[in-house]
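**Q** Would you be able to build a 3D model of this:
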Amino acid sequence: VTLNQQAAEALGQPRRYFSRQVHSQLIQQLTAAGAQLIVFDVAFKDPRNEEEDAALEAAIKTSQRVVLFDYLKRYQLDGAGKQAFAGKVDIEEIIPPLARFRNVALGSGPFVLPKSAALVDHFYPLMQVQGKLSLSQPLIALSFAKPEFWQTFSERLQQLEAGERDGVAKKELEGNAPLA
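**A** Take a look at the predicted model:
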């Protein structure tokens, strides 16, 4: 489901911030229609109108099939002139959805695509952020949509030594080949 400019106009919504009531109704309708999984790429990281937030929380909880998006904030610190470091340092911070939504959802995770103006032909299933290996949102969604695949994948991941896992994730973040 695309919530774009055309949908905003049809629903009488501002383009940038759809009402959480719209998201609540969408969850209810998709659940009633039998959707196996509902995955949002919207960062529900800030509180809004309490009535709408409560409705969204209730819809997520009732549906029991919603995976949410963790916002990945990236910024640089300039260390020029500081004794601790020189040059620029890239910082990545995962900002999860509000706890009230995250606690009733199936899960949440970041979804980072390679930076390219061309066709997107892969994504990063694993990420290393703040020294911690994290599963991406598509992998979390896959774990619920295809539990038989997830079982095999998680067993393989557990077999890898921690150092090897970190090395694989690091290669991914450096923009080299995607995980096979």
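**Q** Point out where this structure drops to low pLDDT.
**A** Applying pLDDT under 70 to the chain flags residues 15, 79-87, 114-118, 159-180.
**Q** same thing but at 80, please
**A** 1-5, 7-9, 13-18, 76-92, 112-134, 150, 153-180 (pLDDT under 80).
**Q** how about the strands in it?
**A** 38-39, 66-69, 71-78, 88-95, 107-109, 126-129, 132-135 (DSSP state E).
**Q** Give me the buried positions along the fourth one.
**A** When you say that, I think you mean strand 88-95. Across strand 88-95, burial judged by 16 or more other C-beta atoms under 10 Å covers residue 94. Glycine gets a C-beta too; all of them are placed from N, C-alpha and C.
**Q** Ok, the fifth one next?
**A** By neighbour count with 16+ other C-beta under 10 Å, strand 107-109 contains the buried residues 107, 108, 109.
**Q** Any idea how far stretch 101-119 is from the middle of the chain?
**A** A distance of 2 Å separates the centroid of the chain from that of stretch 101-119, by C-alpha atoms, centre = their mean, to the nearest Å.
**Q** ok, back up a step: so which of the strands of the chain is nearest residue 55?
**A** strand 66-69 (13.5 Å; C-beta to C-beta).
**Q** List of residues touching that closest one?
**A** Defining contact as C-beta atoms under 8 Å, 6 or more residues apart in numbering, one finds that strand 66-69 is touched by 27, 37-44, 59-60, 96-97, 101-102, 105-111, 137, 140-141, 144.
**Q** Tell me the buried residues within the residues you listed.
**A** Buried among the contacts of strand 66-69 by 16+ other C-beta under 10 Å: 27, 38-40, 43-44, 59-60, 96-97, 101-102, 105-111, 137, 140-141, 144.
**Q** thinking again about what came up before, residue 150: which of the strands of the chain is closest?
**A** Taking these one by one with C-beta to C-beta, strand 132-135 is closest: 10.2 Å.
**Q** picking up where we left off before, return the subset of the buried ones among the contacts of strand 66-69 lying in helices.
**A** 27, 59, 60, 101, 102, 137, 140, 141, 144 (DSSP state H).
**Q** of those, closest to residue 77?
**A** Residue 77 lies nearest to residue 137 out of those, by C-beta to C-beta, at 26.5 Å.
**Q** Now do the closest one against residue 9, distance only.
**A** 28 Å (C-beta to C-beta, to the nearest Å).
**Q** Kindly confirm whether my reading is correct that residue 3 touches residue 18.
**A** Yes - using C-beta atoms under 8 Å, residue 3 is in contact with residue 18, at 5.5 Å.
**Q** which residues do the two both contact?
**A** residue 42.
**Q** JSON lines please, covering the buried residues of strand 107-109 and showing distance to residue 67.
**A** Shown next, in JSON lines, are the buried residues of strand 107-109 (distance: C-beta to C-beta, whole Å):
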{"residue": "107", "distance to residue 67": "5"}
{"residue": "108", "distance to residue 67": "7"}
{"residue": "109", "distance to residue 67": "8"}
